[in-house]
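Colleague: Kindly generate the corresponding structure for this input.
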Amino acid sequence: MKELFNYIRDCFITTEVQKDSEIKNYSAEILSVSTEQKFEWIKKEVLLNGKKVEFILDSGAQISCINEGTWKKVGSPFLTKVNFNGKSYTGDEFRILGRFFCSIILNGLEEILLVYVTKEKMNLFGLPWIITFEKKFGYPIVTTLSDKDSKDSINSIAKEIIPTISENKEMYVIQKDIQEEIQAELKEKFSQVFEEGLGAL
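Modeller: Down below sits the predicted model:
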């Protein structure tokens, strides 16, 4: 009996080790596949305090930030200190040197917006800025289409939607006319039902 117990125990341990090994190998394979895929950033060139600066459009960023080099390029404006650090999408914290209000010109439209200066390498055009400009433009700026293509796409959608709306209105009018015609016919055929008095409709 003891030998049978030991045999079952050994088999169980071996099976568990194999399963654990398989899981680790599988995870590593997924990680290696994901790191091999490289995607192009969506970038946009804007005027920041009159200087051309290229930003990465990032709707996942809760703040817009520039690196220290860009800050110096635009004249090292006075920074207001902040009492918090930033956190990247990987969960790593990074230092924020400060923030300042700046002039941002995108596609001819100027806005005065808050930007943060960091020790990181990238300039990020974050969600608050994206929302501000998209509300003013009336079309998305975080897109792989050019600005002209984006406008053309919206115009073509509008051309498709507007006739459909007017067609639906015409259909509603036709349905209403038919409904009134049916009611008149019913009143004529079943006049007693429509007479005034108890039980009348």
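Colleague: Domain parsing of the protein, as residue ranges.
Modeller: 1-38, 43-143, 145-201 (automatic domain parsing).
Colleague: which one of these has the lowest average pLDDT?
Modeller: Note on these: domain 1-38 shows the lowest mean pLDDT, a mean of 42.
Colleague: So which residues of the protein form strands?
Modeller: Listed in chain order, the strands of the chain (DSSP state E) span 43-48, 51-57, 65-67, 86-87, 93-94, 96-106, 109-118, 124-125.
Colleague: Tell me which of these sits nearest to residue 77.
Modeller: strand 96-106 (4.5 Å; C-beta to C-beta). C-beta here means a position set from N, CA and C on the backbone, and glycine is covered the same way.
Colleague: Next, the angle strand 109-118 makes with that closest one.
Modeller: Taking axes from the mean of the first three to the mean of the last three C-alpha atoms, to 10 degrees, one finds strand 96-106 and strand 109-118 inclined to each other by 160 degrees.
Colleague: oh, and call the first residue 880 from now on, that's how I've got it
Modeller: Done: numbering now begins at 880, and the last item shifts to strand 975-985.
Colleague: was I right about residue 925 contacting residue 985?
Modeller: Yes. Between residue 925 and residue 985 there is a contact at 4.8 Å, judged by C-beta atoms under 8 Å.
Colleague: partners of residue 985 in the sheet?
Modeller: Beta-bridge partners of residue 985, counted by DSSP bridges, are residue 988.
Colleague: Sorry, wrong one. I was asking about residue 973.
Modeller: Under the criterion used here (DSSP bridges), residue 973 is bridged to residue 965.
Colleague: Same question for the one 4 residues further on.
Modeller: When assigned by DSSP bridges, residue 977 has beta-bridge partners residue 996.
Colleague: now do residue 922
Modeller: residue 935.
Colleague: Quick check, it in contact with residue 932.
Modeller: No. If you go by C-beta under 8 Å, residue 922 and residue 932 don't touch, sitting 10.6 Å apart.
Colleague: who's more crowded, these two?
Modeller: Using other C-beta atoms under 10 Å, the more surrounded residue of residue 922 and residue 932 is residue 932, with 19 against 11.
Colleague: does the more buried one really touch residue 1003, like I thought?
Modeller: No. Residue 932 is not in contact with residue 1003 according to C-beta under 8 Å; the separation is 11.2 Å.
Colleague: Touching both of those two, which residues are there?
Modeller: residue 945 (C-beta atoms under 8 Å, 6 or more residues apart in numbering).
Colleague: Could you check how many residues crowd around residue 956?
Modeller: Residue 956 has 15 nearby residues by other C-beta under 10 Å.
Colleague: ok, and the closest non-adjacent residue to it?
Modeller: residue 979 (4.5 Å; C-beta to C-beta, 6 or more residues apart in numbering).
Colleague: do you know how far that neighbour is from residue 939?
Modeller: 23 Å (C-beta to C-beta, to the nearest Å).
Colleague: With neighbour numbers in mind, choose between the two.
Modeller: residue 979 (17 against 8).
Colleague: what's near enough to touch the more buried one?
Modeller: 956, 957, 958, 959, 993, 994, 996.
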